[in-house]
Structure formats: structure tokens, C-alpha cells
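Asker: what follows is a predicted protein model with its sequence.
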Amino acid sequence: MLFYVLRRVLILIPVYLGLTLSTFTLIRLVPGDAVEIMMGEKAVDPAMHAQALQRLGLDLPLPVQYWHYLTNILQGNFGESFRTRTPVLQDFFQHFVPTVELAFCAILIASILGITMGVIAALRRGSWLDYTLMSGALAGYSMPIYLLGPILTGIFAHYLGWLPVSGVISVAQYLDVQPLYGSWLLGSLFSGQSGAFWDVVKHFILPSIALSTIPLAMIARMTRSAILEVLGEDYVRTARAKGMDNKSVMLRHVLRNSMIPVVTYLGQDLGALMGGAMISETIFNVHGIGYLTYQSILKGEGNLVVSIVTLLMLIFVVCNLLVDMLYAALDPRIRYA
């Protein structure tokens, strides 16, 4: 297992170099520079402009800037924001926790509903229930978030009035509630104010549903296909021939072996959700990593964008590594040398 982890870490090095180099280059090729973006439409004195570029290190050749960035990363220094001069890591983790909460809520909804739908569809193969569930999954997969988000907001927030439109908490009602370790769920839970936690939960429902539709559809279809495949295996027929009841067969043999492709997808999708929640966070005004990345691109925050990509890549790799380790727990035949 240790050698396997080391091999994965070594593979990460060229991936990291390629990803950071491409991101670093593309963000520098955007028209204008950080100084012009910070000054807006105001006329900038050329001498002040050159001085600001020198202070930010943007007057150096692109390869030199990239080399300085890599050497600083090896020292644990991800740089500072051009505009606020705050450390990049501080900005990242301040916005990272809301994205993690949103991603886990979406994965929880997708896992519970998707696996349930897949099991029911597989056991009722060819029935109207099978066709209805899989058609619903296909519709959820086909609906883009930028369209589903406003539809959910219009129905449940504006028309029915059941849920809030956007944000993470009703600020006017809970002025004293502050996030705990960046988490609004924890902050509201330990705030001592009645109703604060439920208010935060209600704010997370719509963006979580919007973010969960695509993984829910994928999990449902993958679960159905995997169960149908496993039901035809010899060891399932042997277990039934020995007199094992259907419930035990499903739990001990069918579901356990059917979860391997689902777990693979969950590990990949969790990392993707953390980095790909930009649209849902923008629609529902959740100040997470997606929102921070979008604003950083608009403001020419090159260091911030590259560092966000780097940290999200590391998170994605760790998620996939944990998934690989779960394989051995799900399937005893899998071993890592």
C-alpha cells in the first residue's frame, strides 16, 4: 500500500507542473493586467503603473514569474492577493468550507436518492417504475444548472415561498450569527439562537438540489446497471441455491459488489463538485470557491487563480486515492502492492 501511494504521488508531479503551467500562462494572456483592472477606468500614470508592476513582480518575464511561483510553493508560500494583500491560503480556506458543505449536501442527496432509485429500477426491470425512474434520471442529467437553478428559485422561493432565494443565512434576522471555522452550519448550530441552524439548512437546500441532479442521475443509472450485472453472477446463484434469503443475498453479495463503480464515481465527483460549483454558487449567492475563482478571474488575480487550481487538484487527487483504498474494503480480491 505504501509503494502504491508513493507511485501516485510521483505521478502527481508532472500533472501538477502541466496544470499550473497552463493555468499560469492562460491567466497572464488575458488582456490587461492586474494594475489596470484594480485602477478601473481611471487614467494611470505610466511611472506609477511600472512601479506597481515591479512591486507585484509582474514586470518579469513569464518563465521567471512561474519559477518564482514554484519555488514559493515548495516553501509553503502561495503568495498574496494583488488587491487585498491577504495571504492566498487565508482567502482560499475562508471560501472553501461553504463549498465543502454544499458539495457534501449535494453528494448526500445524490447518493441516497440515486442508489435507492437504481436498486428499485433494477429489481423492477422492464416495469413502468423502471422506465419512470430512469426517464427521470435522464431528465435530471440533461437539465443544466444555470437553467435548473432559476426554475427551483422561481417555484420554491418566489411562488410557494417555502425556501429563501439566495445567500447562506437571513442576515437581517440573525445579525449576531457568525461562521465557526468558516462553517455557517456549525456557527448557527452553536450560536444559541433558536431557528438559526434551520435557517442555514433551508438556504442550502436549493443549491444542493441544483448541484446534485447530474450526479444523482449518474449514480442511479450506474447502480441499476451494476446490480443487473451482479445478479447474473455465479456466486449469487450459489448463495440462493444454498438457501440464503433474498435480503441477505442483496445486502452481502449484490449491493456490496455493485458499489465499486458507484464509489469510483463518488470520489471523482466530490472533487469535481468542489471545483465546479461556480455556477450554482453564483446563482444562489454562496461565497464559496467557485464564487472566489470567478471573481479572481474578473479582477486579474493570477496568483489566486493558480493557487486555487493547485489546491483543488490536490484535493481531487486525495479523494481518488481514498476511493482506491476503499476498493480493498469492498472487494477482497483487490490488493495493492
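Answerer: Yes, it's here.

Asker: so for the host helix or strand of residue 305, what's the average pLDDT?
Answerer: Per DSSP states H and E: residue 305 is located in helix 302-330. Over the span of helix 302-330, the pLDDT mean works out to 74.

Asker: report the buried residues of that helix.
Answerer: For helix 302-330, the neighbour count (16 or more other Cβ atoms under 10 Å) marks 302-313, 315-317, 319-321, 323-324, 326 as buried. No exception for glycine: its C-beta is placed from N, CA and C like everyone else's.

Asker: show me the shaky parts of the stretch 151-300 of the chain.
Answerer: 171-172, 175, 271-272, 274-276, 300 (pLDDT under 70).

Asker: any idea whether residue 244 is helix, strand or coil?
Answerer: coil (DSSP: H, G, I helix; E, B strand; the rest coil).

Asker: OK, contacts around it?
Answerer: Applying Cβ atoms under 8 Å, 6 or more residues apart in numbering, one finds that residue 244 lies in contact with residue 252.

Asker: distance from the host helix or strand of residue 217 to the middle of the chain?
Answerer: Assessed by DSSP H and E, residue 217 sits inside helix 196-231. With Cα atoms, centre = their mean, to the nearest Å as the basis, helix 196-231 stands 13 Å off its chain's centre.

Asker: likewise stretch 282-292?
Answerer: 12 Å.

Asker: now do stretch 248-267
Answerer: Averaged over its C-alpha atoms, stretch 248-267 has a centre that lies 23 Å from its chain's centre (Cα atoms, centre = their mean).

Asker: hmm, who's touching that stretch?
Answerer: So stretch 248-267 is contacted by 107, 111, 114-115, 119, 215, 218-219, 222-223, 226-227, 229-231, 233, 235-236, 239-240, 244, 319-320, 322-323, 326-327, 330-331 (Cβ under 8 Å, 6+ apart).

Asker: related to what we said a few turns ago, counting by contacts, list what the helix holding residue 305 packs against.
Answerer: helix 2-29, helix 62-74, helix 88-123, helix 255-275, helix 289-298 (3 or more Cβ pairs under 8 Å, 6 or more residues apart in numbering; DSSP states H and E).

Asker: buried residues, stretch 238-253. List them.
Answerer: 239, 249-250, 253.

Asker: repeat that for stretch 195-206.
Answerer: Using 16+ other Cβ under 10 Å as the test for burial, stretch 195-206 gives 196-197, 199-206.

Asker: may I have the phi/psi pair for residue 86?
Answerer: With angles defined as degrees, to the nearest 10, residue 86 sits at phi -90, psi 150.

Asker: isn't it up against residue 78?
Answerer: No. Contact criterion Cβ atoms under 8 Å: residue 86 and residue 78 do not qualify, at 11.3 Å.

Asker: so those two - more neighbours on which side?
Answerer: Between residue 86 and residue 78, residue 78 has the larger neighbour count (other Cβ atoms under 10 Å), namely 21 against 12.

Asker: may I have the secondary structure class of the more buried one?
Answerer: Per three-state DSSP, residue 78 ends up coil.

Asker: gap between it and residue 87?
Answerer: According to Cβ to Cβ, to the nearest Å, residue 78 stands 7 Å off from residue 87.
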